[in-house]
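Chemist: Kindly generate the corresponding structure for this input.
(4 chains)
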Number of protein chains: 4
Amino acid sequence: MPKPLNIAIIGHQFMGRAHSNGWKQAEKFFDLNATPILKVACGRNENELAKFANNWGWEEISTDWENVIIRDDIDIIDIATPTYLHHDMAIAAAKNGKHIFCEKPFALNLEQAESMLESAEEANITHYLNHNYRRCPAVRLAKKLIEDGKLGKLYHWRSTYQQDWLANPEAPMRWQLQHEYAGGGPHIDLGSHCIDLARYLIGEISSIFCIKPKFVNERPSDDSNKEEVTVDDASLMAVEFKNGAVGSFECTRYASGRKNRNQFEINGSRGSVVFDLERMNELEYFSSSDTQEEQGFRKILATDPAHEYAGNWWPPGHIIGYEHTFAHAAADFLNAIAHKEPIHPNFSDGVECMRILEKGSQSNAECKKISL
Amino acid sequence: MPKPLNIAIIGHQFMGRAHSNGWKQAEKFFDLNATPILKVACGRNENELAKFANNWGWEEISTDWENVIIRDDIDIIDIATPTYLHHDMAIAAAKNGKHIFCEKPFALNLEQAESMLESAEEANITHYLNHNYRRCPAVRLAKKLIEDGKLGKLYHWRSTYQQDWLANPEAPMRWQLQHEYAGGGPHIDLGSHCIDLARYLIGEISSIFCIKPKFVNERPSDDSNKEEVTVDDASLMAVEFKNGAVGSFECTRYASGRKNRNQFEINGSRGSVVFDLERMNELEYFSSSDTQEEQGFRKILATDPAHEYAGNWWPPGHIIGYEHTFAHAAADFLNAIAHKEPIHPNFSDGVECMRILEKGSQSNAECKKISL
Amino acid sequence: MPKPLNIAIIGHQFMGRAHSNGWKQAEKFFDLNATPILKVACGRNENELAKFANNWGWEEISTDWENVIIRDDIDIIDIATPTYLHHDMAIAAAKNGKHIFCEKPFALNLEQAESMLESAEEANITHYLNHNYRRCPAVRLAKKLIEDGKLGKLYHWRSTYQQDWLANPEAPMRWQLQHEYAGGGPHIDLGSHCIDLARYLIGEISSIFCIKPKFVNERPSDDSNKEEVTVDDASLMAVEFKNGAVGSFECTRYASGRKNRNQFEINGSRGSVVFDLERMNELEYFSSSDTQEEQGFRKILATDPAHEYAGNWWPPGHIIGYEHTFAHAAADFLNAIAHKEPIHPNFSDGVECMRILEKGSQSNAECKKISL
Amino acid sequence: MPKPLNIAIIGHQFMGRAHSNGWKQAEKFFDLNATPILKVACGRNENELAKFANNWGWEEISTDWENVIIRDDIDIIDIATPTYLHHDMAIAAAKNGKHIFCEKPFALNLEQAESMLESAEEANITHYLNHNYRRCPAVRLAKKLIEDGKLGKLYHWRSTYQQDWLANPEAPMRWQLQHEYAGGGPHIDLGSHCIDLARYLIGEISSIFCIKPKFVNERPSDDSNKEEVTVDDASLMAVEFKNGAVGSFECTRYASGRKNRNQFEINGSRGSVVFDLERMNELEYFSSSDTQEEQGFRKILATDPAHEYAGNWWPPGHIIGYEHTFAHAAADFLNAIAHKEPIHPNFSDGVECMRILEKGSQSNAECKKISL
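Modeler: So this is what the prediction gives:
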């Protein structure tokens, strides 16, 4: 009989919904060794919070997360708030021995990240950082092909994460454009996803070049004035990996027509793979082991029971969507707790990712290549 | 305050799961004027049924659907069983005044279909037939473009529904290959989806040519013997529509590499659209209103709030999957009951679709074009 | 030392240009066992003809093709005229012992076609019918995969040939819309290409269903009046092949956005291929011999030396275009003459193709399936 | 009457063929104000040269290019040799008042490039540098869209030029891997194409970061020994443009499955375009001027008479190939001479391109950002 684990979530916006859905769907579609109980939803706006809790089946609500975190009956703290709040919540949760499911970006800076990891390790809890794209079936397939040596020696990583909600210079100011709340622009927000995927699929980075342009300095705020944008608008990185591969990264919110295009390509001595989040059920795969005349990029629809996670959903050819990655993460996290095993990415991945991004910012500031 | 509506579902396999998920997700992601209560799950295998009910939150179980259908506290009968059972269940549900959410294919034959419709109309209930693909945001966009005159006068409908689970001649016998349970092969199973989409997007059909080949006559049954396949293996139709357009249809389970490819293309005097269920978030659209040098098929990612249903889920570029169409259907069905308005497709669409498919079979048998 | 072969071409419009270019490029890019000499260009408009001959290097011009055909120094007659002229020219050429390179569609009707074949066979000449798409490297690859058994038993042929130059109902009258000059509409013009490819790749056809709709009855002629369209506007066929496969064909000039989309898909028990002339350097290929998790359609860029004809042009990845198929045909035709070997497609393929198309027209007229 | 211009070509390998074909096809498909006369073919291997000249119709051959360059009857020197020979040939040609059609990469280094430009300008000749991809119809369309303001303010340039002929570490040594003959690796060979396109479409570059990895240090030479590779294996650049845009570049010969993929994407405030040389007849174009629900990337088939150069070839939908860009270049070059107008790219573009590439190499060596 799976042990029930009581969850308290903090945050009820976009990520609050996506996490809540993840917990519920994990339970219905996966074999779990622990049962998620949606116990408390925390937030500031009591009315909104009540509606959110009612919709998703959270048993209680609270506007005081600090008092919830110390409750004995809570096993898991689910941090679904803006970045600038992660640090204090994670430290408090760890100190109270709670397992932590933390949304990305991990923290405002490396210092925060390191203290969060330290607390989690001291508390010996299960900690997870939600770079959910590792858990697309197609990404898992890429990982497996690499581990099986199907791509041979890796030469190139090439990723772009493109959105377009700032392409119009008259788009309004938002908290994501203010350094104090977001910790950075797409370098942090999107770049952390890309770095996480690169570390997962290729390995550790040894040096970095970075430029972080700003295209628009001021944007309209609510009161018809203009407010200063205090984060970068894009990030371009060229990196060297310890295993000899090289990589490029581009993150931007100024790519007209690209809504949420998290795309990567890997080239190795024996094969290549290509992934695009907007077609997240597909992996393109080239193998030079095919006969010369039959070689070509295969469009693999990763919806077969042979593909990780896919068999838990629908028959082959019936695609899944963005939200499903949260269910995969929730299922793996619950099972990790039950089996007392670590899960990745976790806070130590968060620290490494933040270290790389800060070195990138340093490269941008100093106009030189930075070693890690 | 939305009125609660008690649902009894019959069937707990693939469609039982997809429907249950649809009810649950509709409630969480849509504004409903009626609240779905998952009251009773009916089926034959009590153990399996109990697990199913427990997983999805059905309050009770029953192995006797006939006794459930007469219960006063049940408002909706959700028929998620194999085709050959639909008729008796729908008739009983209608006679007891229950609203009906019925899985496709509608019935074994036109006679059954007509009596099901008659019962539903006499009972004045809300009846829905689950050709769920009408409710893909990209399909809705195609409908809107047509209604807005963006494609001009319609000339061509061209659809293929391809699967590959029988491409291997040694694939085993299943109930879907036996006429008494399935009522037919892909002509019925897949063809009904295609006909429904064609009627939705183009209009009524006036004549039909059809061939229904059989590629493999016997297949291995469980006991190492071979059993006769009693349904067709594929269906090809060429039709004329009342509005002057012509259409082609191909349905097969022998298309190696095509997992669930429900694809259509429409050509009109001013534009064209293309849809493919394996990339169901996308609609390709060509407009001859664009300037000559800029004309081309656009790949529209139908994940914007401007696209029907899409705004209820995630931000633009965050794709949805197969199962979401069931939530759309559930939401629209519940609201239709609440507003005492009809919903489409319903049993009358089921009758029309079955009439066309039977004329197709007649054409195949008589080797001639049949008028409707 | 390759023997020189003197060519007389008749026709100097679109096909005159494409053929002339084919002869010239064949000589430069292929090893030929016979050297093409561009001797005489025939046509009606002497001024236009002179410019054409000068541009392409035809040594002489003549407005009297009948006198050219009887010249002893002419070895090859290249028929690049509208369809209604093919018959008389081919008969005359054959009677005078000339080898014939004949543009498609072959003839106005089966009777013409049969007499053309008879004359050619009596004269024991080398005769070629220019269904040039057989000689795309990607189509050759499809042929090879089928012959090597890579697709297994063939189940489905599915082809569409779509153009859009008549989608606008106000597009003007042209000779292609008049039965006396064209012999038919897209059923003949485009359908002959599709039938030729189907016979080449799948095999002989045993029965046919066909509808040939007309969307627009009259079109503007030069003098601001309207003129009657006397050919069909589209053709839909469903056929059975002798080997048990089934096929569908759709040919139209009313597909907005499709410029010259000659597309086919073949499904067999072990694999599938897809071809699209607008991306004619590519073949999509699915093989169920790949491991389950790695299965997917490969996009093969048929520009490798391993691909037929491709090695004669440029390095891999440097694509070729439409016109190159004419050079392939010219090279093969010249070598066929030199080696006294037959080439395909030839007049006997033309007869078979015409027989099928006429049976299609009969099916359309009689509203029933016709056996061959 | 167009004036005849006598051409002497130096080089008879890959580029010798492509140039020869370009001259011949330009004459046949374009209206020229000067007639190209294929006068002399120069090279070292007399036998090979004779076959080449005979095949392409060069009237004479010579193994002494220096004596040809001084001939009074020669108007144009076509330099189709390896890079290390360009400088001396171009200087000699200019000093003798010959117009120059020069293959890329322009020169071994900036010093050579500057002296070549200086000579050409002093001689007041027409000089052209063959970055032929500027003359793809689809690239011309991208240029037009930018000039018409359709993309708005430009933010991002993103290009990759990928080949795979070195992905296998056992692929043999070639002159392209030796610095003294090639002047560099893909940074020069492929990067020069990318830089040329970026300057053409976006504008001048103001700063550059670059890394140039080497993956394989030695490769097998003919005599079963290994020889040292003295050029880089890949090049990654991140640049800033003077107009505020940023750009990334990646050039490699280690991208398994990519044969000749010269791909770029441009994002502006109002639209985006994407180009891929392996599908060189297509341009993808996104416009935010489309209505919200209809926005998407259009696949424009640039084969319409509305597209530059396309109308000279075949009807819409009949694609052209790699070699056609050489015919476009030849035609424009001949007309530029006839009209005494400059043509681009020319030697001044070659100098700018080389300056940027050298700054890239400096960045790589000094591990810092370099301003231009």
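Chemist: residue ranges for the helices of chain A, please.
Modeler: Applying DSSP state H to chain A gives helices spanning A:14-29, A:46-56, A:65-69, A:86-95, A:110-123, A:137-147, A:179-182, A:186-189, A:191-201, A:324-339, A:347-366.
Chemist: just checking, what packs against the fifth one?
Modeler: So the one you mean is helix A:110-123. Contacts defined by 3 or more Cβ pairs under 8 Å, 6 or more residues apart in numbering or on different chains; DSSP states H and E place helix A:110-123 against helix A:86-95, helix A:347-366. To be clear about C-beta, it is placed using only N, CA and C from the backbone, and glycine gets the same treatment.
Chemist: go on, the first one?
Modeler: In this structure, helix A:14-29 makes packing contacts with strand A:3-10, strand A:34-42, helix A:46-56, helix A:324-339, helix B:14-29, helix B:46-56, judged by 3+ Cβ pairs under 8 Å, 6+ apart.
Chemist: Adding distance to C:Phe333, mean pLDDT and mean neighbour count, write the helices and strands packed on helix A:110-123 out as TSV.
Modeler: Shown next, in TSV, are the helices and strands packed on helix A:110-123 (distance: least, Cβ to Cβ, whole Å; pLDDT from 0 to 100; neighbours: other Cβ atoms under 10 Å in any protein chain shown):
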stretch	distance to C:Phe333	mean pLDDT	mean neighbour count
helix A:86-95	73	98	22
helix A:347-366	62	98	22
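Chemist: CSV for the ones you listed, including distance to chain C?
Modeler: Shown next, in CSV, are these (distance: least, Cβ to the nearest Cβ, whole Å):
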stretch, distance to chain C
helix A:86-95, 36
helix A:347-366, 26
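Chemist: Same list, these, but as JSON lines with distance to C:Glu341 please.
Modeler: Shown next, in JSON lines, are the helices and strands packed on helix A:110-123 (distance: least, Cβ to Cβ, whole Å):
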{"stretch": "helix A:86-95", "distance to C:Glu341": "77"}
{"stretch": "helix A:347-366", "distance to C:Glu341": "66"}
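Chemist: closest to chain B out of those helices?
Modeler: Among the helices and strands packed on helix A:110-123, the nearest to chain B by Cβ to the nearest Cβ is helix A:86-95 (20.8 Å).
Chemist: which ones are touching A:Gly247?
Modeler: A:156-159, A:198, A:202, A:205, A:237-241 (Cβ atoms under 8 Å, 6 or more residues apart in numbering or on different chains).
Chemist: Equivalent analysis for A:Gln163, please.
Modeler: So A:Gln163 contacts A:186, A:190, A:252-253, A:255, A:258-261, B:317 (Cβ under 8 Å, 6+ apart).
Chemist: Would you check that A:Asp189 makes contact with A:Gln176?
Modeler: Yes: look at A:Asp189 against A:Gln176 with Cβ atoms under 8 Å: they come within range, at 6.8 Å.
Chemist: Identify the farthest-apart pair in the contacts of A:Gly247.
Modeler: Among these, the pair separated by the greatest distance (Cβ to Cβ) is A:Ser159 and A:Glu240, at 15.1 Å.
Chemist: Between those two, point out the one with more neighbours.
Modeler: Shown here are A:Ser159 and A:Glu240; by other Cβ atoms under 10 Å in any protein chain shown, A:Ser159 has more neighbours (24 against 20).
Chemist: any shared contact partners between A:Asp189 and A:Gln176?
Modeler: Contact with both A:Asp189 and A:Gln176 is made by residues A:Ala182, according to Cβ under 8 Å, 6+ apart.
Chemist: And A:Ala80, how far from A:Asn130?
Modeler: Per Cβ to Cβ, to the nearest Å, A:Ala80 is found 9 Å from A:Asn130.
Chemist: Need the overlap of contacts for the two.
Modeler: With Cβ under 8 Å, 6+ apart as the test, A:Ala80 and A:Asn130 both reach A:19, A:103.
Chemist: mind listing what the residue nearest the centre of chain A touches?
Modeler: Centroid-nearest residue in chain A, with Cα atoms, centre = their mean: A:His131, separated by 2.1 Å. Contacts for A:His131 (Cβ under 8 Å, 6+ apart) come out as A:104, A:192-193, A:196-197, A:345, A:349.
Chemist: circling back to that earlier point, deepest of the helices of chain A, which one?
Modeler: Most buried of these, by mean neighbour count (mean count of other Cβ atoms under 10 Å in any protein chain shown): helix A:186-189, with a mean of 26.
Chemist: so does it get close to chain B?
Modeler: No: Helix A:186-189 lies out of reach of chain B by Cβ under 8 Å from any Cβ of the partner chain, never closer than 13.0 Å.
Chemist: so what's the nearest residue in space to A:Pro220 that is not next to it in sequence up against?
Modeler: For A:Pro220, ignoring the flanking residues on the chain, the nearest one in space by Cβ to Cβ, 6 or more residues apart in numbering or on different chains is A:Pro172 at 5.0 Å. Counting by Cβ under 8 Å, 6+ apart, A:Pro172 makes contact with A:219-222.
Chemist: No further questions, thank you.
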